[in-house]
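Asker: here are the coordinates; sequence isn't available:
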Ligand SMILES: Nc1nc2c(ncn2[C@@H]2O[C@H](COP(=O)(O)OP(=O)(O)OP(=O)(O)O)[C@@H](O)[C@H]2O)c(=O)[nH]1
Ligand SMILES: [Zn+2]
């Protein structure tokens, strides 16, 4: 792949760098050439490698039930589990004028969160709760879910996921007054290693007045049932 031009340095109109709008410490670590291969090429390449893994395990790839698995897994990775690596899938969040002059906290709670542990490549399953204080603008509710999904659909650690969502909301909503809380179960903790099926992980990020005002934080926690 030496002669291929990294997408980040390609001509105008090319795929923008993933997370280029976030501080370096918040970016998902991606190589600049992450988008040299098309999705179809990625699927074919991953399927080939996954076939080898199954082969090494001694599985009979001529078996009807197994023969399609390499391609199935590759499609799942590229098109579903890791679709949030591709900045083309970053949600387009439009703001609307706050005609209702609604100034209290808006909470979107219990957002389904499905992510993948970047250390073990097994699922992280949980819920995200996000809140913001509207100023002059409000946002379509579903866009909050979409922001969560975009960053969740990557290899992740929960701390970075939490901060990426908070930072994205700050930038798109033009306010620091955002709160993000994630509660999740890590299959790497539940199904292997320490094999603990009852523990869960909570992470939170508070910006602006949520950081300064403990009463507001308490209200947020109360509204999400914590
Ligand atoms: N901070 C953080 N750690 C995570 C997350 N997901 C998984 N981990 C941890 O990443 C660590 C990787 O540690 P290692 O010791 O290299 O891996 P390991 O030998 O598989 O560790 P065990 O899970 O303890 O068996 C483990 O402690 C995981 O629980 C996450 O979202 N955030
Ligand atoms: Zn893990």
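Answerer: Arrived safely. Remember, predicted model here, so these are calculated numbers, not experimental data. Residues are numbered from 1 along each chain as shown. Ligands and ions are numbered 1, 2, ... in the order given.
Asker: Residue most distant from the centroid, this structure?
Answerer: Here the centre of the chain is the reference, and by Cα atoms, centre = their mean the most remote residue is residue 62, at 35.5 Å.
Asker: Helix, strand or coil: sort out that one for me.
Answerer: coil (DSSP: H, G, I helix; E, B strand; the rest coil).
Asker: Phi and psi next, for it.
Answerer: Backbone torsions for residue 62, taken as degrees, to the nearest 10, come to phi -90, psi -10.
Asker: separation between it and residue 48?
Answerer: As judged by Cβ to Cβ, to the nearest Å, residue 62 and residue 48 stand 16 Å apart. Quick note: C-beta positions are derived from backbone N, CA and C, even for glycine.
Asker: Confirm for me that residue 66 is in contact with residue 55.
Answerer: No. In this structure residue 66 lies outside contact range of residue 55 using Cβ atoms under 8 Å: 10.3 Å.
Asker: Name the surrounding residues that touch the helix ranked longest in the chain.
Answerer: The residue-count maximum for a helix in the chain (DSSP state H) belongs to helix 39-56. Residues outside helix 39-56 that contact it (Cβ atoms under 8 Å, 6 or more residues apart in numbering) are 37, 61, 66, 69-71, 73-75, 77-79, 86.
Asker: which stretches of this structure have low pLDDT?
Answerer: 1-15 (pLDDT under 70).
Asker: mind redoing it with 90?
Answerer: Scanning the chain for pLDDT under 90 picks out the ranges 1-17.
Asker: which residues in it form strands?
Answerer: Here the chain has its strands, by DSSP state E, at 95-97, 106-117, 123-132, 137-139, 155-156, 178-186, 201-206.
Asker: how far is the shortest one from where the chain is centred?
Answerer: A distance of 7 Å separates the C-alpha centroid of strand 155-156 from that of its chain, computed with Cα atoms, centre = their mean, to the nearest Å.
Asker: That one - contacts with which helices or strands?
Answerer: If you count contacts as 3 or more Cβ pairs under 8 Å, 6 or more residues apart in numbering; DSSP states H and E, strand 155-156 packs onto strand 106-117.
Asker: Could you rerun that using 6 Å?
Answerer: Applying 3 or more Cβ pairs under 6 Å, 6 or more residues apart in numbering; DSSP states H and E, we find strand 155-156 packed against no helix or strand.
Asker: what do you get for the third one?
Answerer: Contacts of strand 123-132 with other secondary structure elements, assessed using 3+ Cβ pairs under 6 Å, 6+ apart, are made with strand 106-117, strand 178-186.
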